[in-house]
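Asker: okay, predicted coordinates and the sequence, questions at the end:
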Amino acid sequence: MKPVLKTAAVWLILLTGASYTTFSQAKTKKLIWSEEFNYKGLPNPKKWGYETGFVRNSEKQYYTKDRLENAEVNGGNLIITSIKEDYQGAFYTSASINTLGKQSFEGNIRVEIKAKLPTGKGIWPALWMMGTNVNQVGWPKCVEFDIMEFVGHTENTVHANLHWWDSASTQSNRKSSQGNTMNFSDLHTNYHVYGLERRGDSIKVFVDDQVYLSVKAPETAFSNSFKGPLYLLINTAVGGEWGGPIDDSIFPQKYYVDYVRVFRVD
């Protein structure tokens with residue numbers, strides 16, 4: 001969800017363009033954490049916390065906490081609703097929930113998230129992970145793994161992006177990034193399974209078991225950043241540096257998440 005720098009060095013990307021590969025399933029895959037959303041009400045506070053207020057990227061939404069209008073579990077789904085309304089000095093509200101301080105994920109893991117996306121200009125839903133050391137070392141040293149991002153001005157495209165600190169980077173904050181895209185005609189009418197698999201210092205990002213981004217950490221990356229404990233975030237932003245101009249006629253917009261499952265892999 002940080003601003004995406006499209007001029008990142010290309011020498012680290014292992015999978016480019018429209019060439020995708022079918023994921024080779026792990027020999028062993030053990031479920032270690034899940035959220036099935038089989039209850040009603042607010043997201044389970046034992047599993048989820050909130051970001052609140054205006055958080056990043058000059059986005060226009062106010063993230064609320066413990067407000068059913070913006071984050072509700074119902075019908076077997078987490079439903080994040082983005083609304084056009086006057087609230088706390090903002091003109092839009094939405095929700096961003098995360099597992100920071102609740103649950104972290106270490107070692108070789110596979111994350112699978114089944115979701116159906118909102119749509120419209122200005123909408124920016126995401127599924128992503130960051131290092132739990134974010135408050136100690138800051139961004140991008142904490143790493144950011146964007147499993148799925150969608151921006152409404154590219155209607156049928158999902159994005160995967162990885163960001164990290166790299167001593168070889170020419171950016172002022174030493175950020176390096178890699179990303180790729182994948183196109184679907186039914187992102188907003190059907191569910192897809194978005195995922196990430198980490199083995200050591202290698203990351204693969206996939207949709208419906210089709211890998212579309214594969215990156216191995218360079219030796220110049222911040223020490224052990226690719227291997228460290230991660231936490232999960234689910235949110236919808238409105239507008240901002242990448243979300244772009246907003247079409248007010250689209251609201252309210254709903255983002256459905258059927259489940260989140262994390263596995264230990266061999």
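Answerer: That came through fine. Nothing here was measured: the structure is a model prediction, and the numbers come from that model.
Asker: all contacts plus neighbour counts: C-alpha atoms, from now on.
Answerer: Noted.
Asker: from N108, how far out is T28?
Answerer: Distance check for T28 against N108: by C-alpha to C-alpha, to the nearest Å, it reads 11 Å.
Asker: can you pull out the helices in the stretch 1-150 of the chain?
Answerer: With DSSP state H, counting those that start in this stretch as the criterion, the stretch 1-150 of the chain has helices at 134-137.
Asker: re the thing from before, more neighbours: T28 and N108, which one.
Answerer: More crowded of T28 and N108, by other C-alpha atoms under 10 Å: N108, with 17 against 9.
Asker: quick one, strands of the stretch 101-250 of the chain?
Answerer: 109-116, 123-131, 144-149, 157-165, 175-183, 192-199, 202-207, 210-216, 230-238 (DSSP state E, counting those that start in this stretch).
Asker: can you pull out the low-pLDDT segments for the stretch 101-250 of the chain?
Answerer: For the stretch 101-250 of the chain, no stretch has pLDDT under 70.
Asker: buried residues, stretch 259-266. List them.
Answerer: Y259, V260, R261, V262, F263, R264, V265 (16 or more other C-alpha atoms under 10 Å).
Asker: cool, and stretch 219-233?
Answerer: Buried positions in stretch 219-233, judged by neighbour count with 16+ other C-alpha under 10 Å: A221, F222, S225, F226, K227, G228, P229, L230, Y231, L232, L233.
Asker: same question, stretch 98-116
Answerer: Within stretch 98-116, the residues scored as buried using 16+ other C-alpha under 10 Å are 98-100, 103-105, 107-116.
Asker: distance from the chain centre to it, please.
Answerer: Averaging C-alpha positions (C-alpha atoms, centre = their mean, to the nearest Å) puts stretch 98-116 10 Å from its chain's average.
Asker: do stretch 200-217 as well
Answerer: Distance, centroid of stretch 200-217 to centroid of chain: 14 Å (C-alpha atoms, centre = their mean).
Asker: endpoints of that stretch, how far apart?
Answerer: Using C-alpha to C-alpha, first and last residues of stretch 200-217 are 9 Å apart.
Asker: tell me the contacts of the nearest residue to R67 once chain neighbours are set aside?
Answerer: Computed as C-alpha to C-alpha, 6 or more residues apart in numbering, the closest residue to R67 that is not its neighbour in sequence is L42, at 7.4 Å. Shown in contact with L42 (C-alpha atoms under 8 Å, 6 or more residues apart in numbering): D66, R67, L68, A71, E72, V73.
Asker: of the residues you listed, grab the buried ones for ChimeraX.
Answerer: Only the buried entries of those go into this ChimeraX selection, using 16+ other C-alpha under 10 Å:
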select :68,71,72,73
